[in-house]
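In: got a predicted model here, sequence first, then my questions.
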Amino acid sequence: MMGEFAAAAKQAVYDAIALRRDIRNFRPDPVPPEVLLRILGAAHRAGSVGYMQPWDFVLIRSAERKAEIYELFRRANERAESRYAGDRRSKYAALKLQGILDAPLSVCVTCDTRRGGPYVLGRDTTPETDVYSTCLAVQNFWLAARAEGVGVGWVSIVENRELAAALGLPEGVIPVAYLCVGYPVAFPESPLLEATGWRDRLDLAHLVHLDGWQARGDEPRNELRELLGTPAVAAERGHDAVEERRAPDLCELVGRIDPAGADAALEGRVRERLDSLTKPRGSLGRLEDLAVRLAVAQGREYPRASRKRILIFAGDHGACEEGVSAYRPELTARLCYNFIAGGGAINMLARQCGAELTIVDTGVDHDFEHASGLIHRKVERGTRNLAREAAMSRGQALDALVSGAAVVLDDPSCDVLALGEVGIGNTTAAAALLALLTGVAAEDVVGAGTGVGSDTLRRKTVAVSRALDRCGSSRLDAVGKLAEVGGYEIAALAGAVLGAASRRIPVVLDGFITGVAALLVRNWPRRWGITSSLPTARRSVDTSSCWNASVWIRCWTWSCGSGRGPVRRSRFHCWRAPADCWERCVPSERPGWRSRWIRAESAERALISQEGVSEPHLCPVGAALVEAQACRNRRWHDSAGN
């Protein structure tokens, strides 16, 4: 058809529209002048009534000026927050609604109501068309920026009168849009307010009216209405409205876990394959052992680590009533919203290593409503105070276990799974559970957690001691101990370990709390048949409470440090390295053949080449991994020596 764009150009336009996002988190890199000029040029080509072109663009780079405008936003935002109550207010407070201080550039798009004189063609009956036309320029700016990979965030929570005074706008010129502009940390998959459950996208069929505003059902049927379909009835969705699925049976999951030692033949083939690669035998050190573990865990001779997934389970704890944390419990929900919005350190690390990040609400004391950015598996809004009563019932503990396993089983296609958690007060629950499982004293397992002071540390130790005294000498099985002092997210972590083991998915444990959850699996009721298939857990407790459970569940789990995300990321890269060896290294003509070894000066990589091979083959080895592993080994050796 004449004038129609080529298919690729047409798709690019629709992609820019569909993928435009309101950005809040920016990198400091400045937008190059030539890119900014193209974006401003696109904005200037917007349509306007009477061709009045009422827009101007005020560019703001001064840190002092941006700080002044941020203060205007802060005051207006406090007033806006006061209009909400309950969970809605908590959600509003958790949302990051601006990037004024982060973005390297701000652009205020203004409307000059005087432009074109008192009589502008087409404006006589609708004077507001000057503002409407300026909004078209804003949209052009936004879409062009998206095409350039530049993020834009519209800050609307500011008093226009105050903003105009701060920018020195003359009489008759009004601010229409204050835009934060810069390269984003990431473009979210879905709009922030949709992902956090603030609002859903409306059904288009509800918004299209034919020949007037008619009641649904009274409209004439035509081709467009047939394409739109019947307007869907809006469903009331909340945290209980999860898709009905068959809950996994814990005994059935355990039955799927192969007994230890069943893959001796596979291990032999994997080591033979390793020795046949173009490298000196054993030259990759512990990476070769890891490659064997990865292959045996997955049950395949050629291991994979392409699709990586991180599950963060969230829950609140009644033990916070004892003053055991440096932070208020409300922070758990705020952290979840920050993760959903892509603003957490774990989001950055997940993006760097190409891992899919999922947040799971198992027991946060907050209603996330129908937020699409997390998985709703809430058992209850927080546990009870473990220092005074059982944290949860046995049934609730089992529900949380099943929920954790279900999250893994609902999407079992990942090659490697990392587990983490978020919940104010959960190191207290984990310490109490560790003490019950191992029989050690509270003083030996309680640590500073997020960095509490001496008074808080004392209260934390007292709370755990009271919980242990309350349980007394009761002969509790693992589930009973979990119910007495655990947390919903800790139970879900243990369930996730079971689910992953049943599908032969290697699991990376992120430190203390996930380590305790894995140790819990080792202590399941004997009738579940799990003790025969899991090796004895080895434990060590150091004075800083950075406890690492070397819980090797049939080689499915790997404890990875003291709960710090960078260590988790290095472990992911470590899984990737042995898999790369399989994909990139060339087998030699005979095992043990000594290739030419090119020693790299950087610990980041080692190049292996062979005569007759045109290009060297890369096997990445992270320096951070080497350092983290050495540190972990030293800690364990010191503990063993003591």
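Out: Cool, the structure landed. In this text, all values refer to a predicted model and were calculated from it rather than measured experimentally.
In: grab the most central residue of this protein for me.
Out: By C-alpha atoms, centre = their mean, the mean C-alpha position of the chain lies nearest to L357, the distance being 4.1 Å.
In: does that one count as helix, strand or coil?
Out: Following DSSP: H, G, I helix; E, B strand; the rest coil, we place L357 in the strand state.
In: starting at the chain centroid, how far to stretch 45-58?
Out: 41 Å (C-alpha atoms, centre = their mean, to the nearest Å).
In: just the buried residues of it, please?
Out: Buried residues in stretch 45-58, counting neighbours by 16 or more other C-beta atoms under 10 Å, are found at 46, 48-50, 52-58. C-beta: built from backbone N, CA, C; applies to glycine.
In: neighbouring contacts of that stretch?
Out: 40, 43-44, 107-113, 115-116, 120-123, 126, 129-134, 136-137, 139-140, 167, 169, 173, 176 (C-beta atoms under 8 Å, 6 or more residues apart in numbering).
In: all strands for this protein, in order.
Out: With strands called from DSSP state E, the chain shows them at 55-60, 105-112, 151-155, 173-182, 308-315, 355-363, 374-376, 416-422, 507-509, 557-559, 596-598, 605-609, 617-620.
In: which one of the ones you listed lies closest to R20?
Out: With C-beta to C-beta as the criterion, R20 lies closest to strand 151-155 of these, at 8.0 Å.
In: just the CA trace of that closest one, in PDB.
Out: Below are the C-alpha coordinates for strand 151-155, written out as PDB (Å, rounded to 0.1, in the frame of the first residue of the first chain):
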ATOM      1  CA  GLY A 151      15.700   5.900  29.400                       C
ATOM      2  CA  VAL A 152      13.200   8.600  30.300                       C
ATOM      3  CA  GLY A 153      11.300   9.000  33.600                       C
ATOM      4  CA  TRP A 154       8.400  11.500  34.000                       C
ATOM      5  CA  VAL A 155       8.400  13.200  37.500                       C
END
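In: so what secondary structure elements neighbour it?
Out: Strand 151-155 makes packing contacts with helix 129-147, strand 173-182 when contacts are defined by 3 or more C-beta pairs under 8 Å, 6 or more residues apart in numbering; DSSP states H and E.
In: from the chain's centroid, how far away is the first one?
Out: On the basis of C-alpha atoms, centre = their mean, helix 129-147 is displaced by 32 Å from the centre of the chain it belongs to.
In: buried sites along that helix?
Out: Buried positions in helix 129-147, judged by neighbour count with 16+ other C-beta under 10 Å: 129-130, 132-134, 136-138, 140-147.
In: circling back to that earlier point, make TSV out of the helices and strands packed on strand 151-155 and add distance to V521.
Out: Shown next, in TSV, are the helices and strands packed on strand 151-155 (distance: least, C-beta to C-beta, whole Å):
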stretch	distance to V521
helix 129-147	46
strand 173-182	45
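In: need the ones you listed in CSV with mean pLDDT, can you?
Out: Shown next, in CSV, are the helices and strands packed on strand 151-155 (pLDDT from 0 to 100):
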stretch, mean pLDDT
helix 129-147, 96
strand 173-182, 96
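In: quick one: which of the ones you listed is nearest A93?
Out: strand 173-182 (19.9 Å).
In: pairing partners for that closest one, with directions?
Out: Take DSSP bridges as the rule and strand 173-182 pairs in its sheet with strand 105-112 (antiparallel), strand 151-155 (antiparallel).
In: now the strands of the chain in JSON lines, with distance to L227?
Out: Converted to JSON lines, the strands of the chain look like this (distance: least, C-beta to C-beta, whole Å):
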{"stretch": "strand 55-60", "distance to L227": "36"}
{"stretch": "strand 105-112", "distance to L227": "35"}
{"stretch": "strand 151-155", "distance to L227": "32"}
{"stretch": "strand 173-182", "distance to L227": "33"}
{"stretch": "strand 308-315", "distance to L227": "37"}
{"stretch": "strand 355-363", "distance to L227": "34"}
{"stretch": "strand 374-376", "distance to L227": "32"}
{"stretch": "strand 416-422", "distance to L227": "42"}
{"stretch": "strand 507-509", "distance to L227": "47"}
{"stretch": "strand 557-559", "distance to L227": "51"}
{"stretch": "strand 596-598", "distance to L227": "62"}
{"stretch": "strand 605-609", "distance to L227": "54"}
{"stretch": "strand 617-620", "distance to L227": "50"}
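In: of all those, which one is nearest P188?
Out: strand 151-155 (10.0 Å).
In: quick one: low-confidence residue ranges for the stretch 251-400 of the chain.
Out: 258-262 (pLDDT under 70).
In: ok, the residue nearest to F5 when sequence neighbours are not counted to S82 distance?
Out: Among residues not flanking F5 along the chain, V13 sits closest, at 7.0 Å (C-beta to C-beta, 6 or more residues apart in numbering). Distance of V13 to S82, computed by C-beta to C-beta, to the nearest Å: 42 Å.
In: I figured Q298 hits R504, correct?
Out: Yes: counting by C-beta atoms under 8 Å, Q298 touches R504, with 5.4 Å between them.
In: and the pLDDT for the residue nearest to F5?
Out: As predicted, V13 sits at a pLDDT of 95.
In: please apply the same query to the one 5 residues further on.
Out: Per-residue confidence (pLDDT) for A18: 94.
In: repeat for the one 3 residues further on
Out: pLDDT recorded at R21 is 93.
In: got the contact list for it?
Out: Counting by C-beta under 8 Å, 6+ apart, R21 makes contact with 146, 151, 184, 187-188, 191-192.
In: let's see 10 Å
Out: By C-beta atoms under 10 Å, 6 or more residues apart in numbering, the contact set of R21 is 142, 146, 151-153, 184, 186-192, 342.
In: pick out the most distant pair among those.
Out: With C-beta to C-beta as the measure, no two of the contacts of R21 lie farther apart than W142 and G342, at 18.6 Å.
In: residues touching V485, list them.
Out: 319, 383, 386-387, 390-392, 428-437, 463-464, 467-468, 470-471, 476.
In: re earlier: what's the most buried one of the strands paired with strand 173-182?
Out: Greatest average neighbour count among the strands paired with strand 173-182 goes to strand 151-155 (a mean of 24), per mean count of other C-beta atoms under 10 Å.
In: next one: it to chain centre, how far?
Out: Distance, centroid of strand 151-155 to centroid of chain: 22 Å (C-alpha atoms, centre = their mean).
In: do the same with stretch 350-370
Out: Distance, centroid of stretch 350-370 to centroid of chain: 5 Å (C-alpha atoms, centre = their mean).
In: CA atoms of that stretch as CSV?
Out: Extracted in CSV, the C-alpha atoms of stretch 350-370 (Å, rounded to 0.1, in the frame of the first residue of the first chain):
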residue,chain,number,x,y,z
ALA,A,350,21.5,-11.3,37.9
ARG,A,351,21.7,-9.1,34.8
GLN,A,352,25.5,-9.4,34.7
CYS,A,353,25.5,-13.2,34.8
GLY,A,354,22.4,-13.6,32.6
ALA,A,355,20.2,-15.1,35.3
GLU,A,356,16.4,-14.9,35.6
LEU,A,357,15.4,-13.4,39.0
THR,A,358,12.1,-14.3,40.7
ILE,A,359,10.8,-13.0,44.0
VAL,A,360,8.4,-15.3,45.9
ASP,A,361,6.2,-14.0,48.7
THR,A,362,5.7,-16.8,51.2
GLY,A,363,5.0,-14.8,54.4
VAL,A,364,5.5,-11.1,54.1
ASP,A,365,3.3,-9.0,56.4
HIS,A,366,2.0,-7.0,53.5
ASP,A,367,-0.6,-7.4,50.8
PHE,A,368,1.0,-7.2,47.4
GLU,A,369,-2.4,-7.4,45.8
HIS,A,370,-2.1,-8.5,42.2
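In: which residues sit in contact with C111?
Out: 52, 54-56, 128, 130-135, 137, 172-177.
In: quick revisit: is it true that the residue nearest to F5 touches A147?
Out: Yes: judged on C-beta atoms under 10 Å, V13 makes contact with A147 at a distance of 8.9 Å.
In: show me where the stretch 101-250 of the chain dips below the pLDDT cut-off.
Out: For the stretch 101-250 of the chain (pLDDT under 70), the answer is 214-221, 230-247.
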